[in-house]
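In: Compute the structure for the input listed below.
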Amino acid sequence: MVTNSLKMLLVMACTLGLMVGCATTEETDMGDEGTMTDSTSGTETGTAGGTGVTVSDTEEDPAAGIDTVFYFDFDQSILKAEARSALTAHAAILKNNTDSVRLEGHADERGTREYNMALGERRANAVRDFLVLQGVERSRIETVSYGEERPAQLGSSESAWSMNRRVEMN
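Out: Numbering: from 1, shown residues only. Prediction:
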C-alpha cells in the first residue's frame, strides 16, 4: 500500500514539475497581417509581406531609448556608472555600422572661460576614450568643447549647474 501511494505521489510531482517548467509568463497578441506583439516590450515581430523577414520596431533607430547626454560631477571628467552602461550599448551599435558621432563637452558657469573650455574638452575626451576602448574607431569620433557657452539650463543653482556639466552625443 505504501509503495502504490509513493508511486502515485512521485507521478503527481513529476507532472506538476513538467507543468511548471513549461509555463510562460509572457503573453503575445496576434495583430493584423500575421504580426505578434510581445506584451512585455511592445515590440512587434512577424513577417513582412510573407517574405520571412523579421520586422521590429527598433530597426529604424537601434539607439532609441539609450541616453545620449552624460553628466559629470563638479570639476570632474570621470564617467559615472550609468554613462558607462549607456556608452557600452552605443559602442556595440557603432561597431556594427559606419556612422560617426560628435561629442560636445560642456561645463557649468563656475570657473574661468578658459578653464571651462579645457574641462569640457576633458569630458568629451573621456567619452571618446571609453568608446575607443570598446572598439569604436577613433576616426569616427569628433570632439568639441563649448565650455560654459551653451548651458542646458539657465541659473546659478546646483540643479542648473548639474544639468550643464555634461557631454552630448550627436
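In: Glu109: what's it in contact with?
Out: Shown in contact with Glu109 (Cβ atoms under 8 Å, 6 or more residues apart in numbering): 116, 148, 151, 156, 161, 164. In short, each C-beta sits where N, CA and C put it, glycine included.
In: Please report phi then psi for the fourth one.
Out: Pointing back at Ser156 there. phi -120, psi 60 (degrees, to the nearest 10).
In: That one and Arg110, how far apart?
Out: From Ser156 over to Arg110 the distance is 9 Å, taken as Cβ to Cβ, to the nearest Å.
In: The two: which is more packed in?
Out: Between Ser156 and Arg110, counting by other Cβ atoms under 10 Å, Arg110 is the more crowded of the two (14 against 9).
In: Assign that one to helix, strand or coil.
Out: Three-state assignment for Arg110 (DSSP: H, G, I helix; E, B strand; the rest coil): coil.
In: what's the farthest-apart pair in the contacts of Glu109?
Out: Asn116 and Ser156 (14.4 Å; Cβ to Cβ).
In: Could you list the low-confidence segments of the protein?
Out: 1-60 (pLDDT under 70).
In: Which stretches in it count as strands?
Out: 28-30, 35-38, 44-46, 69-71, 101-106, 141-147, 166-169 (DSSP state E).
In: From what I see, Tyr93 and Pro62 are in contact.
Out: Just to correct that, residue 93 is Ile rather than Tyr. Yes. Using Cβ atoms under 8 Å, Ile93 is in contact with Pro62, at 5.1 Å.
In: who's in contact with the nearest residue to Glu168 once chain neighbours are set aside?
Out: Of all residues not flanking Glu168 in the chain, Glu104 sits nearest, at 4.6 Å (Cβ to Cβ, 6 or more residues apart in numbering). Applying Cβ under 8 Å, 6+ apart, we find Glu104 in contact with 120, 124, 144-146, 150, 167-168, 170.
In: distance of Glu104 from Ser156?
Out: 22 Å.
In: Next: Leu79.
Out: 26 Å.
In: Asn125 now?
Out: Distance from Asn125 to Ser156, by Cβ to Cβ: 27 Å.
In: just to revisit the earlier point, residues in a beta bridge with the residue nearest to Glu168, which ones?
Out: Val144, Glu168 (DSSP bridges).
In: Likewise for Phe70?
Out: Applying DSSP bridges, one finds that Phe70 bridges with Val167.
In: burial of it, as a residue count?
Out: 24.
In: which residues sit in contact with it?
Out: When contacts are counted by Cβ under 8 Å, 6+ apart, Phe70 touches 79-80, 83, 86-87, 127, 166-167, 169.
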